[in-house]
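Visitor: Any chance you can model this:
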Amino acid sequence: MEAPVLDVSSWLRADDEWLGEQEKEWLVEPTVLHDAPERRWLFKPSRRNELPGRAESSSRLFTWFDAQSEWIAHQLATSIDVPSADIHFARRDGAAGAISRSVKSPDEDMQSGDVFLSGLLGRHYVPNAEKARNRTGHHLDAIGRVLEGLEGPVSGGALSARETFSGYLVLDAWIGNTDRHADNWALTVDGTVLRLAASFDHGSALAAGREDSFLDRTDPRDFAYGAMARKFENGKNVHLADLALDAMSRWGGPWLDALVQISAGDERAIVDAVPGMSELRRTFICRLLEENRRRLLTP
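Guide: Numbers count the residues shown, from 1 in each chain. Take a look at the predicted model:
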């Protein structure tokens, strides 16, 4: 069954989201109960890029498949119990995209990993905003120090923050998410209690920014081979799967035991529920997921 698309045109706008390069806005979900807690969702319209024309043709706009990537990533995360932001396809005032539920409660604050690494490492850390070629200070040793003694999200059960973060890296390797920079993981803050927030922002995964013509001439196995941990220190030559397995060896977690229960049919059922994709793209994504899963389970 195809996933529904919610019309959120009437939802009240609460605020803009300033992190990231694309325009996004926080919306408040309507409720029939006046005393119900406020639920906020981030509406993320599908990204659009201007592509250069070929030969005599003019430039053209390409619409990313980032909403589709976000939704698939959440479904896959749920299948192996990795805590992640709830995602729905959405449309607002004619713009297509997705809504992502806030990973913090109304009573909590949230700070990105970038903030904590800056405080921990000082001048030995290069803030994410500088977009340095080598993400100095963003490595497993430092992340482990930030997460030491903390718990994971409430939705993740009794797992520690470190165990849960290793699950995020397993998910990244499975979906080919090369965008896990230090602003794409965070801690929730409730008074003096800090927890790792659920995983969020997976819109760059699964070849979301590639045209069908590229997918048609590319072997998914070759594409999978090029998924490097570029947003980590010295990560340009480290495959996402190797980074995930390193984290698993340090911090453990049930993620590979869960992943071994997943079949190609399970992946296909999720991908088939996505609206607005060609059969070419569906097949490419399924083969990519299968190859990444194989690499994680048989390194």
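Visitor: ends of stretch 174-183, how far apart?
Guide: 20 Å (CA to CA, to the nearest Å).
Visitor: Check which residues of the lengthiest helix in the chain are buried.
Guide: Under DSSP state H, the helix in the chain containing the largest number of residues is helix 279-297. Neighbour counts over helix 279-297 (16 or more other CB atoms under 10 Å) mark 281, 284-293, 295-296 as buried. For the C-beta atoms, the positions are set from N, CA and C on the backbone; glycine is no exception.
Visitor: Show me which pair in those is furthest apart.
Guide: R281 and L296 (22.5 Å; CB to CB).
Visitor: tell me the contacts of W251?
Guide: With contacts defined as CB atoms under 8 Å, 6 or more residues apart in numbering, W251 is in contact with G144, S160, R162, E163, F165, S166.
Visitor: Same check on P30?
Guide: Applying CB under 8 Å, 6+ apart, we find P30 in contact with S10, W11, L12.
Visitor: Any quick ChimeraX command for the buried ones out of the residues you listed?
Guide: Of these, the buried ones go into a single ChimeraX selection, burial set by 16+ other CB under 10 Å:
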select :11
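Visitor: burial measure for the nearest residue to N237 once chain neighbours are set aside, as a count.
Guide: In space, N237 comes closest to M228 once its chain neighbours are excluded; the distance is 6.7 Å by CB to CB, 6 or more residues apart in numbering. Counted with other CB atoms under 10 Å, the neighbours of M228 add up to 16.
Visitor: For M228, name its beta-bridge partners.
Guide: As for beta bridges, M228 partners with H239 under DSSP bridges.
Visitor: Pretty sure it sits against N234.
Guide: No: between M228 and N234 there is no contact under CB atoms under 8 Å: 10.5 Å.
Visitor: Look up phi and psi at D257.
Guide: The phi/psi pair for D257 (degrees, to the nearest 10) reads phi -60, psi -30.
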